[in-house]
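> Quick one, what's the 3D model for this:
(3 chains)
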Amino acid sequence: MKWETVIGLEVHTQLATQSKIFSGSSTAFGASPNTQASAVDIALPGVLPVLNKGAVECAIKFALAIGATLNRINVFDRKNYFYPDLPKGYQISQLAKPIVEGGVLTFLVPSTGSGQPEERVINLTRAHMEEDAGKSLHEDFQGVTGIDLNRAGTPLLEIVSEPEMRSSAEAVAYARALHTLVTWIGICDGNMQEGSFRVDANVSVRPVGQAEFGTRREIKNLNSFRFLQQAIDYEVRWQIETLEDGGRIEQATVLFDPDTGETRMMRSKEDAHDYRYFPDPDLLPVKLDEDWIESVRAALPELPAAMQLRFQNDFGVSAYDAGLLTGSRALAEYFEAAARACGQGKLVANWVMGELSATLNKAELDIMQSPVSSRQLGALVARIQDGTLSGKLAKQVFEGLWEGAGEVDAIIEARGLKQMSDSGELEKIIDDVLAANQKSVEEFRSGKEKAFNALIGQVMKASKGKANPAQVNDLLKAKLQ
Amino acid sequence: MSDASLSALAAQLVAKQVSSRELAQQYLDRITALNPSLNAFITVDADKTLTEAAAADALIAAGKAGPLTGVPIAHKDIFCTDGWLTTCGSKMLHNFIAPYDAHVIQRFKAAGMPSLGKTNMDEFAMGSSNETSYFGAVKNPWNTAYVPGGSSGGAAACVAARMAPAATGTDTGGSIRQPAALCGITGLKPTYGLVSRFGMIAFASSLDQAGPMAPSAEDCALLLNVMTGFDPNDSTSLEREKEDYTRDLGKPLTGLRVGLPREFFAEGLNNEVAASVEAAVAELKKLGATTVEISLANSKLAIPVYYVLAPAEASSNLSRFDGVRYGYRAPDYANLDDMYCKTRAQGFGAEVKRRIMIGAYVLSHGYYDAYYLQAQKIRRLIANDFTEAFKTCDVILGPTAPGTAFKLGEKSEDPVEMYLNDLYTIPANLAGLPGMSLPCGFDRQGLPIGLQLVGNYFSEAKMLNVAHQYQRATDWHARAPEGLK
Amino acid sequence: MSLSPDDVKRIARLARIEIDDSQALASQSQLNTIFDLIATMQAVDTQGIAPMAHAQEVYQRLRADSVTETDHHAAFQAIAPAVENGLYLVPKVIE
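Numbers count the residues shown, from 1 in each chain, chains lettered A, B, ... in the order given. The predicted structure is shown next:
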């Protein structure tokens, strides 16, 4: 039997606010335990929540960025359950009237073979504001768990997709695109190691052609794209094997263990919670007025999709390259600044995705930490364009820029990297090379094309790489006629 | 013992006829003498009280006294009070020293009013007789075999017994007004949102409201001036201009239209209570008021609606009492889950557990629409009745409770019988309207009878005006129990 | 409607309140008298009536996004049942 995979994702994004969603505590990561847990956060008797405007604004930005409906009146509910990292015994969330409904996310799924990447459009169900829980630390103590409530009350936007993804690759591409978007519009720092972007995957399988969904299992709390892929792949295999062995899938919540690469049962549907949702009487309905929404809209940055189109039009880069260049807002801005500085978008794109990305990766730096500024890269490309530098020389200049040796022209000057433009000087070098390599000359004349390349190599070497390869080619050909 | 009004006490303080320390000491002495028999206070801390009084004396000496600076007050043990044991009448918080001040406490501190201590109450404010307190029942100062009402029973009893010149209370379904009636004092529940709930341990968030309890309406007006006002820490606190609730006290009642809801004078009302309330109506007519019969047809549903909504909110509000961060934790348990279950089984009393279970049930899967949502819809019908009624009257008048104080233990085994005590007070909470109770007589056994006024939203000054004019013409409120030991 | 002892146990479980069979039985009859009282509202026709969650028709006030709290964990943990190294301690949580 052929099986089809069905995946929907629920992503918890920590919103990039200074303070918590219902208290004035800091949301900064990494503080000593419970030092950022106020009376409200630890749920002392009598305390009350007051909503953070910044968190609401983040949700508005997101809705505008995905073309979703913003519920002008939205309501906070209480989700009741007992857990030691949930101090009130309920989580303040939004169930019946979330702030965001609908919207779409468009992205490219890299092809598995050599084909072109494919565009996918995934519908979003909803996104709602809620508070994060604290952390349970199991490792440090014998037989007990330590509770740190610093994270309790950190604002989250839970973004729920429709079950429209059909492979782990698609799910990962969706998650990556969402990650790009939320960091792009500045509502989330995107730091997955610190838990700022956590993914739950609802996975089911069904025979190809069947209309109804299979029974789903939810994989909780995946905090890397790699784990997301591994967990879904494992889960899909497990579900198919179970069904093919005549078993049944029970609805359940499972955890992914990165060490074994397997998912394991956390709780079955039978012991699923009865959350007893009801509107939080401590909070009033949230009203979004049009002026506010419009001012947020006006302040939104250009979004990745719009920028991709513009890059294709303005700089002639391919759709695929435009997609890569808009992988993050910082990268896109870097590219555009460099491209504007020299007017050579395609060449800049090659440099950004080639030498620069490779060097940054090797040094484990991101684009914002690049020692080579966009202005410098633009200047470098300009010197390639005007013939001052060959590609090879340009790489040496790039190394100089990376080391902080100064500006492009200064490095060219100081290191003598200017491409040879004086044909007299070059002719002399060629004559010397020909004289010293009679054997190669004869081989060429007897029809061995390879010998020509050897001669070019010798000339380049003798010129210390400064000769213009095209010019060498022309002159050498002329002399060997 | 002093029967002086708050304004008279304040005048004596400013005139230096008495110091705040001396005044506080007099009340502390009386508390020492009477509390063993009345059990009105859970916590008394003379050192703290006298330190606060000394600070008030310094303010007075520096000429920085406000209207009530130096006048002591007792606080219901539902208000978190920095450095004070704050129990909410529960074993669950028997060891909880609050690390912060409730907004109401902050306001009384800022007004320079020393705290005489924390008054006894029904556990988590759930009760109408003060018998559910973990710290034992409060006795009615008029007859110690009788209950003082609840949940602010300690507050009502201490004011009636003149152990404090005034007290704070809270009212979710009648918890200020009913004990005020049963103890023969004046108590006012303001419009929902006028007094911040921050630091007031939540029972039912959408109904809870703090208010003043004192011998007279004039006292309550002065206290209300201290308590009300916007608090950014409470999302349900209303941003309104500050009012002076004493401004209309002296106005004549000529032309006042008093609405008499026929449902409040129907079956179930004790005859003596009915007679006293009718006499009060006659008194108001003498003062220039007219009466109009009104109908609050849906108010008969107030009790069922209340016993869905309040427990639902309470079941969630009380989830934080889990033995993890403060308060009681069971001594022995097998694992985390067992710790929760034992802590909550041992830490909560029977009535609180009953209401938590009602609340959990009505919110649980499959029952929400039939119970919670239906109750919220009828809540609106009840509120709409009041809106209609206030088109034809300025204030609504009726009994506060269907009877006078009952004997300790008389109703404690029958929750429904107990719940019916709040028949007339609950509708105002559901609508969010201000309500007050004031003494209007005594029954044959010498137990006080209370009269209830319900006003339109933000009409506290008008209600206080009516009550004050009535109290100028009568002396029920001035009577105090005698022979207390 | 009326609650069975099993219903009582289920809601006690939801509320994390330990209850034994005899307590469940005792609670059952008391809860049922209360639910009989509550049942009187079931007959009311509330079609088209908007549920009333709050006394006033007002909207949520929003707080500016700034850090206003400071560290009070020492004071807060002075009243905690069990703490170590700044953490609240509970019996081992098994996931």
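> Show me which residues of chain C are close to chain A?
Taking Cβ under 8 Å from any Cβ of the partner chain as the measure of proximity, chain C contacts chain A at C:14, C:16, C:53-54, C:58-69, C:71-73, C:76-77, C:82, C:84-93, C:95. Any C-beta I mention is one placed from the backbone N, CA and C, and that applies to glycine too.
> Quickly check: stretch B:324-342 near chain C or not.
Yes. With Cβ under 8 Å from any Cβ as the measure, stretch B:324-342 is seen reaching chain C through B:324-327, B:329, B:333, B:335-342.
> in chain C, which residue is closest to the centre?
Per Cα atoms, centre = their mean, the C-alpha nearest to the average position across chain C is that of residue C:15, at 6.8 Å.
> Now for residue A:211, how many residues are close by?
5 (other Cβ atoms under 10 Å in any protein chain shown).
> Next: residue B:269.
Residue B:269 sits with 18 neighbouring residues when counted by other Cβ under 10 Å.
> Over to residue B:288?
Neighbours of residue B:288 (other Cβ under 10 Å): 12.
> Return the distance of it relative to residue B:459.
Noted for residue B:288: a distance of 18 Å to residue B:459, by Cβ to Cβ, to the nearest Å.
> Which single residue in chain B comes nearest to chain A?
Residue of chain B nearest chain A, by Cβ to the nearest Cβ: residue B:319 (2.4 Å).
> Helix, strand or coil: sort out that residue for me.
Residue B:319 carries the three-state label helix when classified by DSSP: H, G, I helix; E, B strand; the rest coil.
> OK, contacts around it?
A:80, A:82, A:88, A:89, A:90 (Cβ atoms under 8 Å, 6 or more residues apart in numbering or on different chains).
> go on, residue B:354?
Applying Cβ under 8 Å, 6+ apart, we find residue B:354 in contact with B:415, C:27, C:30, C:31, C:34.
> Do I have it right that the fourth one meets residue B:357?
To tie it back to what came earlier, the one meant is residue C:31. Yes. Counting by Cβ atoms under 8 Å, residue B:357 is a contact partner of residue C:31 at 6.7 Å.
> Identify the contacts common to these two.
residue C:8.
> rewinding a little: got the phi and psi for the residue nearest to the centre of chain C?
phi -90, psi 0 (degrees, to the nearest 10).
> For it, which non-adjacent residue is spatially closest?
In space, and not counting its chain neighbours, residue C:15 is closest to residue B:360: 4.5 Å by Cβ to Cβ, 6 or more residues apart in numbering or on different chains.
> Look up which helix or strand the one you found falls in, please.
helix B:350-363 (DSSP states H and E).
> So for that helix, what gets flagged as buried?
Across helix B:350-363, burial judged by 16 or more other Cβ atoms under 10 Å in any protein chain shown covers B:351-363.
> how about the helix or strand following it, does it get close to chain A?
Once helix B:350-363 ends, the next helix or strand along the chain (criterion: DSSP H and E) is helix B:374-389. No. Counting by Cβ under 8 Å from any Cβ, chain A is not contacted by helix B:374-389; separation bottoms out at 8.8 Å.
> Now do the same for residue C:95: its pLDDT.
The score at residue C:95 is 62. That number is its pLDDT.
> now the contacts of residue B:319: which count as buried?
Neighbour-count burial (16+ other Cβ under 10 Å) is assigned, among those, to A:80, A:82, A:88, A:89, A:90.
> from those residues, which is closest to chain B?
residue A:89 (2.4 Å).
> quick check: longest helix of chain C.
helix C:21-38 (DSSP state H).
> the inter-axis angle of that one versus helix B:350-363?
Comparing the axes of helix C:21-38 and helix B:350-363 via axes from the mean of the first three to the mean of the last three Cα atoms, to 10 degrees yields an angle of 60 degrees.
> Give me the neighbour count for residue B:62.
Counted with other Cβ under 10 Å, residues neighbouring residue B:62 total 8.
> can you pull the contacts of residue 161?
With no chain named, the answer covers chain A. A:8, A:9, A:10, A:11, A:105, A:122, A:123, A:124, A:125, A:174.
> Switch to chain B, please.
When contacts are counted by Cβ under 8 Å, 6+ apart, residue B:161 touches B:30, B:34, B:38, B:40, B:141, B:480, B:481, B:484.
> That one and residue B:404, how far apart?
17 Å.
> The stretch 351-485 of chain B: strands as residue ranges?
B:395-399, B:435-442, B:448-455 (DSSP state E, counting those that start in this stretch).
> mind putting the ones you listed in CSV, mean pLDDT included?
As requested, these are arranged in CSV below (pLDDT from 0 to 100):
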stretch, mean pLDDT
strand B:395-399, 98
strand B:435-442, 98
strand B:448-455, 98
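> re earlier: ChimeraX command for the buried members of the residues of chain C next to chain A?
A single ChimeraX command selects the buried members of these (16+ other Cβ under 10 Å):
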select /C:14,16,53,54,60,61,62,63,65,67,69,71,72,73,76,77,82,86,87,88,89,90,91,93
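> Work out for me the element residue A:4 sits within.
Going by DSSP H and E, residue A:4 is part of strand A:3-14.
> Show me what the following helix or strand past that strand is packed against.
Proceeding N to C from strand A:3-14, the next assigned helix or strand is strand A:51-52, under DSSP H and E. On a contact count with 3 or more Cβ pairs under 8 Å, 6 or more residues apart in numbering or on different chains; DSSP states H and E, strand A:51-52 meets strand C:62-63.
> ok, back up a step: just checking, which of the residues of chain C next to chain A belong to strands?
The strands, defined by DSSP state E, take in C:62, C:63, C:84, C:87, C:88, C:89, C:90, C:91 from those.
> Let's have those in CSV, adding pLDDT and distance to residue A:137.
Below are these laid out as CSV (pLDDT from 0 to 100; distance: Cβ to Cβ, whole Å):
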residue, pLDDT, distance to residue A:137
C:62, 98, 33
C:63, 97, 30
C:84, 94, 11
C:87, 96, 6
C:88, 97, 10
C:89, 96, 10
C:90, 96, 11
C:91, 94, 14
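> and which of the residues you listed is nearest to residue B:476?
residue C:63 (46.3 Å; Cβ to Cβ).
> hang on, the closest one packs against residue B:235?
No. Using Cβ under 8 Å as the test, residue C:63 is too far from residue B:235 to be in contact (9.1 Å).
> So for these two, which residues contact both of them?
Both residue C:63 and residue B:235 are contacted by A:50, A:51, under the criterion Cβ under 8 Å, 6+ apart.
> Among the contacts of residue B:161, which ones are in helices?
Secondary structure from DSSP H places B:30, B:34, B:38 of those in helices.
> Give me the buried entries from the residues you listed.
Buried among the ones in helices among the contacts of residue B:161 (16+ other Cβ under 10 Å): B:30, B:34, B:38.
> Could you verify my assumption that the second one touches residue B:484?
Yes. Checked against Cβ under 8 Å, the pair residue B:34 and residue B:484 is within contact range at 5.7 Å.
> what sits in contact with each of those two?
B:141, B:161.
> Report the residue spans of the stretch 51-200 of chain A with pLDDT below the cut-off.
The stretch 51-200 of chain A contains residues with pLDDT under 70 at A:140.
> Quick one: the strands in it, in order.
A:51-52, A:69-70, A:73-74, A:77-80, A:90-93, A:100-101, A:104-109, A:118-131, A:135-137, A:144-148, A:155-161, A:197-207.
> Not counting the first one itself, show me its contacts.
With contact meaning Cβ under 8 Å, 6+ apart, strand A:51-52 is reached by A:17, A:19-22, A:76, A:155, A:283, A:286, B:235, C:60-63, C:65.
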